[in-house]
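In: Give me the fold of what follows.
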Amino acid sequence: MADAKEGGTSVDGNVHAGGNGEQQPPAVTEPVTSDVFTGREVDLCDATSAYDALAIALEQGYDYVCIPIVPPPLDIPASIEHFTSHKEGEGKSQGTGDDGDEVTSTEWMLSSCATRPDAELASHEWSRRVVGTVAGADLVDSFDDATRSAAEKAIHHQFRWAAYVALASVIVPLTSSDCSNLASIVAPYIHSMTKSLVWMEVPCMSPDIAALQPSERQDVLCAKTPAGTLVHDTWQWWDAFRTFVPPSNRLAVALVLTPELGEIDLMQRWLGEVVGVVIIPTTTFVVVNGSPTLSHEHADFLTMLLKICQCQVIIRGSPAPNCDISHYHLYTHQLVNSFPPPTVYEQATKGYNDLLEIPLQPLMDHLEASTYETFEKDPVKYSLYEEAIAKALYRRFDTEEERETETVVVMVVGAGRGPLVRRCLSAAKRTNTKVRVYAVEKNPGAVATLKGAKEREWGDDTVVIVSADMRVWQAPEQCDVLVSELLGSWGDNELSPECLDGAQRFLKPNGISIPQSYTSFMAPVAAPRVHTELVGMNKPDLLETPFVVLLHNHFIAAEPQKLFTFTHPNLDSRGEQPADNTRFTKLAFVAACTTTLHGFSGYFESTLFDDVQMSILPSTHSPDMTSWFPMFIPLKVQRKNNQFLQTTTQVNIISCNTGNHNTRGICNTTNNQLSMSIVHIVCDALILPLLCVCVLLLLLYFFFLSFLTFSKLYTYRHQCV
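Out: Numbers count the residues shown, from 1 in each chain. From the prediction side, this is the model:
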C-alpha cells in the first residue's frame, strides 16, 4: 500500500467490467486522506460483501478496509476440524464438480475458500483499499496429517485468490515459533505476488501470558522450546519465521498493540524491525469522557513506531459503549498531529534514512561541486571548527603585544571550496590576530573556486592558494596551526591519520593540530531493512563492504565501545618520526536481550582543540550536525545473540597502516559465540607449503604419464617381436 495515497482524494466512479464479465458496482468515494494511513478491520458478518465493508470503513473516515479473505459463513479452522474429525466421511461425495467428477467433503470445503467474486470491487480498489486476512495459518504446523494437509490447501487457495485480485496486503497470523511449515508455504508467494505485501501478524504480548496474573508469569516466561527459543517471546516467533524465508522487502510485521506491552527493553527490538502496520484492538484503548485514548506507555511506543517504521494503523474490534468507531481513527491522527515539528537535523537529513552510500574517497577521487555544497550546508561543524581555531589562536601568544605584532601561520590542508578558510579569517578577526592562511587543495575545480573567492572576498595576500597534494607539497615555511577535515564516519577510515602524519612536517615544534585527536567506536546492530536491501542486490561482495548509512529503522543491541584513538601531532617516543598507526583490539558485547545481528555501526568522537568536542556517537552527538552519518559494517551471515544463553560477540579488529578498516573477514561460530576478524587477509605463510604441494603433484603427474608411455611402448614392441 505504498502508493495508496497517490492519485488524489477520490476514485474513478465509472462502471468497470469484472474478470468474470459481470459489471462492477460504482467505485466507493474515498475520504480525504491525512498524514497517517488508517484502516478498519470489518467483520463480514456485518457486511454482505467487500463493497459494503469498504463503504462502511470509508464512511467512518478510514482510508482502507481489512477483511477476511474467506467469506462467511465458512470458518476455516472450524471446517478443517469438522471434516478431519470425521475421516470416515472424508472420501464421501459431496456432489460433482464442473467437470463431472465427484468432489470429496474436504475438497468441497477447500474449493469454497476463494469464491469471493472479484466483481464486488473495481480492480484498483482491491489493490489500493483492501487488506486480506488469511485464516487457518495456525493449523499448517499441526502434527495431525489430515489437519495439516487441509490447512495447507486452504492457505494456498487464499493466497492464489489474493494474487488474482492483487490485494494491497495479506495478513498472516503467527501464533508460535513453530512455524517452519507455514514459512515454506508463504515464502513462494512473498516473491511471486509482486503487487501485494505480506504482513505477519504478531502480538506484542503472547495471549497465554496476558491471561495470567503478574505473579504467575515469571516461570512461564522462561519456558523454552527444544530449539532454545522462549515459547512466549513473540519477537522470537517473528524471528523464527523470517529465518525460514529468503530476505524480501515485501515482507513486514503486522504488530498487534496488545493491552499489555511487556518489558520496555524487549519492546525496543520492534523499532529495528520492518513494521508495516500496527493493529490496535479497541480493547487496548481507555475511554475517557466518551473518547478513546491510549495510556502513556502505549502512546509513546506507538509514536516511536510511527516515526521510525513509517507504518500504517488498523483499528480492530467493536467500539466501546457510548463511543463511535470513528473516534479511534481520529485519535491516531491527533497523535500524529501532536508530534513536535521536525528538528533542524531531521529537516537536513530528510530522504537519507537507511540509504546506503559508498564512503567518499577524497584522496583518490575529485569531489563534485554538489558534494562540497552539501557539506557546506552544515553550520554546526564549521562553528565548532571556528571555536577551536579561535582558542588555538588565542593560545599562541602570552601577551597582547605579541598578538599585535606577530603573524600566525595557519595551513588548511584539504581546503575544498574554502569554508575552513573563511572560519580561520573569522576566528582571527574575533581574537584580533594577524594570520597568513595557506589553503592547500589538490582538486582543480575546487582550486578555481578558491581563487575566485580570493578575488571577491579576501583580496589581499592574507590567503595563499596552493594547488597541490599535501602529501608531496613542500611548504615554504612551517605553520603554527594545522587545520583539516579529513575525518570519515569511522574516524580514520578516510586515511586521516596517515595524511596528517605526513602533513605534520609543516608544523612548528610547538604547533597545534586541529583536530587534536579522535576515537572510533562500534556497536552491534539489528538493521534488517538495510541488510535486506544489500542481500537483494545479489552481489556477495557488498556484504563485506562498509557503507555510510543514516541508520533509522534499527536497534542497537549493546552500548558502543571504543576502538582506536589517534592523536596529532603523532610522534614516536623520541619525538621525531610519526608513530606507528597499527592497531589491534578485541571487543566483547553482551546483548541487552535476544536479537539478530545484521552488522555493526561505526561512530567517532573528536577533540578539535582544548574542550571543543565534535561527535556522531549517539550519546554525545553534536546537536544538528549533519556532515557525517554512521558507518555500517554488514555481516555476511546474520547472527543471533541470545541474552539468556549469555552469548558474547567478540570482534577482533586490526587497523593497518592504510588507515582503513577493511571488513573482508571471517565469521566463526563456536559455543554461541561469534568471533569476527576484520583484517587484511594475508596468506604469505601458506604460499611456500602450497607451492611445494603443487610441485610434488606435478612431478607425480609427469611420472604417471611417463610410466603409461613406457608401458605402451613395451607392449607394442613385445607384440612386434
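In: what bits of the stretch 551-700 of the chain have low per-residue confidence?
Out: By pLDDT under 70, the low-scoring segments of the stretch 551-700 of the chain are 573-576, 638-691.
In: For D610, give me the backbone phi and psi.
Out: The phi/psi pair for D610 (degrees, to the nearest 10) reads phi 60, psi -120.
In: Name the nearest residue to it, sequence neighbours excluded.
Out: Nearest non-adjacent residue to D610, counting by CB to CB, 6 or more residues apart in numbering: K391, 5.0 Å away. Every C-beta, even on glycine, is put in place using the N, C-alpha and C of the backbone.
In: just checking, the one you found is part of a helix?
Out: Yes - per DSSP: H, G, I helix; E, B strand; the rest coil, K391 lies within a helix segment.
In: list the contacts for it?
Out: Contact analysis of K391 by CB atoms under 8 Å, 6 or more residues apart in numbering lists F609, D610, V612.
In: any weak-confidence spans in the stretch 401-550 of the chain?
Out: Judged against pLDDT under 70, the stretch 401-550 of the chain has no low-scoring part.
In: all helices for it, in order.
Out: Assigned by DSSP state H, counting those that start in this stretch, the stretch 401-550 of the chain shows helices spanning 419-431, 444-453, 496-503, 528-536.
In: Tell me which stretches of the stretch 201-350 of the chain form strands.
Out: Using DSSP state E, counting those that start in this stretch, the strands found in the stretch 201-350 of the chain span residues 251-256, 275-281, 286-288, 291-293, 312-316.
In: what about the residue nearest to S318 when sequence neighbours are not counted, distance to C204?
Out: Take S318 and drop its neighbours on the chain: the residue closest to it by CB to CB, 6+ apart is T282, 6.3 Å away. T282 sits at a distance of 16 Å from C204 (criterion: CB to CB, to the nearest Å).
In: repeat for E368
Out: Distance check for E368 against C204: by CB to CB, it reads 47 Å.
In: again, but for V245
Out: V245 is 22 Å from C204, by CB to CB.
In: residues in contact with the residue nearest to S318?
Out: Residues near T282 by CB under 8 Å, 6+ apart: P292, I315, R316, G317, S318, P319, A320, I325, Y328.
In: Could you find the closest non-adjacent residue to the fourth one?
Out: In space, and not counting its chain neighbours, G317 is closest to T282: 3.9 Å by CB to CB, 6+ apart.
In: Isn't G416 up against Y372?
Out: Yes - the pair G416 / Y372 is scored as a contact, 5.4 Å apart, by CB atoms under 8 Å.
In: Show me which of V245 and C204 is the more surrounded one.
Out: Taking other CB atoms under 10 Å, V245 and C204 do not tie; C204 has more neighbours (22 against 18).
In: Phi, psi for the nearest residue to that one once chain neighbours are set aside please.
Out: Among residues not flanking C204 along the chain, T258 sits closest, at 4.7 Å (CB to CB, 6+ apart). Main-chain torsions, T258, degrees, to the nearest 10: phi -70, psi 160.
In: how far away is T258 from K539?
Out: Distance, T258 to K539, using CB to CB: 40 Å.
In: Ok, T243 next?
Out: Counting by CB to CB, the gap from T243 to K539 is 22 Å.
In: Ok, S192 next?
Out: 23 Å.
In: go on, A526?
Out: Here the criterion is CB to CB. By it, A526 lies 22 Å from K539.
In: higher neighbour count, those two?
Out: A526 (25 against 10).
In: Next up, the contacts around that one.
Out: R269, G272, E273, H554, F555, A557, T595, T596, L597, H598.
In: Surely the fourth one touches P524?
Out: No - counting by CB under 8 Å, P524 is not a contact partner of H554; they are 10.7 Å apart.
In: Comparing those two, which residue is more hemmed in?
Out: Counting neighbours by other CB under 10 Å for H554 and for P524 shows that P524 has the greater number, 28 against 25.
In: How about the more buried one: what's its closest non-neighbour residue?
Out: A557 (4.5 Å).
In: That neighbour touches A591, doesn't it?
Out: Yes - applying CB under 8 Å as the test, A557 and A591 come out as touching, 4.4 Å apart.
In: quick one, which of the two is more surrounded?
Out: Comparing A557 with A591 by neighbour count (other CB under 10 Å), the higher total belongs to A557, at 26 against 22.
In: and the more buried one, how far is that from C593?
Out: For A557, the distance to C593 (CB to CB) stands at 8 Å.
In: do F555 as well
Out: Counting by CB to CB, the gap between F555 and C593 amounts to 9 Å.
In: the more surrounded of the two?
Out: The neighbour comparison of F555 against C593 (other CB under 10 Å) goes to F555, with 24 against 18.
In: wait, isn't that one in contact with D265?
Out: No - counting by CB under 8 Å, F555 does not reach D265; the two are 10.3 Å apart.
In: ok so, going back, and the buried ones among the contacts of A526, selectable in ChimeraX?
Out: This is the ChimeraX syntax for the buried subset of the contacts of A526, where burial follows 16 or more other CB atoms under 10 Å:
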select :269,272,273,554,555,557,595,596,597,598
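In: In contact with L487, which residues?
Out: L487 neighbours (CB under 8 Å, 6+ apart): E494, S496, P515, Y518, F604, S606, W628.
In: hey, what's V548 bridged with?
Out: E357, M631 (DSSP bridges).
In: That one contacts M631, correct?
Out: Yes - counting by CB under 8 Å, V548 does reach M631; the two are 6.2 Å apart.
In: Find residues that contact each of these two.
Out: Residues touching both V548 and M631 (CB under 8 Å, 6+ apart) are P359, S489.
In: When those two are compared, which one has more neighbours?
Out: Taking other CB under 10 Å, V548 and M631 do not tie; M631 has more neighbours (28 against 21).
In: Give me the distance between the more buried one and S520.
Out: Taking CB to CB, one finds M631 at 9 Å from S520.
In: joint contacts of those two?
Out: Counting by CB under 8 Å, 6+ apart, the common neighbours of M631 and S520 are W490, G602, Y603.
In: quick one: secondary structure of the last one?
Out: The reference is to Y603. strand.
In: Who are the contact partners of it?
Out: By CB under 8 Å, 6+ apart, the contact list for Y603 reads 489-490, 520-523, 560, 615-618, 630-631.
In: Look up which residues are beta-bridged to it.
Out: F521.
In: Just confirm I185 is within a helix.
Out: Yes - in this structure, I185 lies within a helix as judged by three-state DSSP.
In: Go ahead and confirm it touches A151.
Out: No - if you go by CB under 8 Å, I185 and A151 don't touch, sitting 9.1 Å apart.
In: give me every residue that touches S496.
Out: Counted by CB under 8 Å, 6+ apart, S496 has contacts S484, L486, L487, G488, Y518, F566, G659.
In: roughly how far apart are the first one and S622?
Out: It stands for S484. 18 Å.
In: Fine by me, thanks again.
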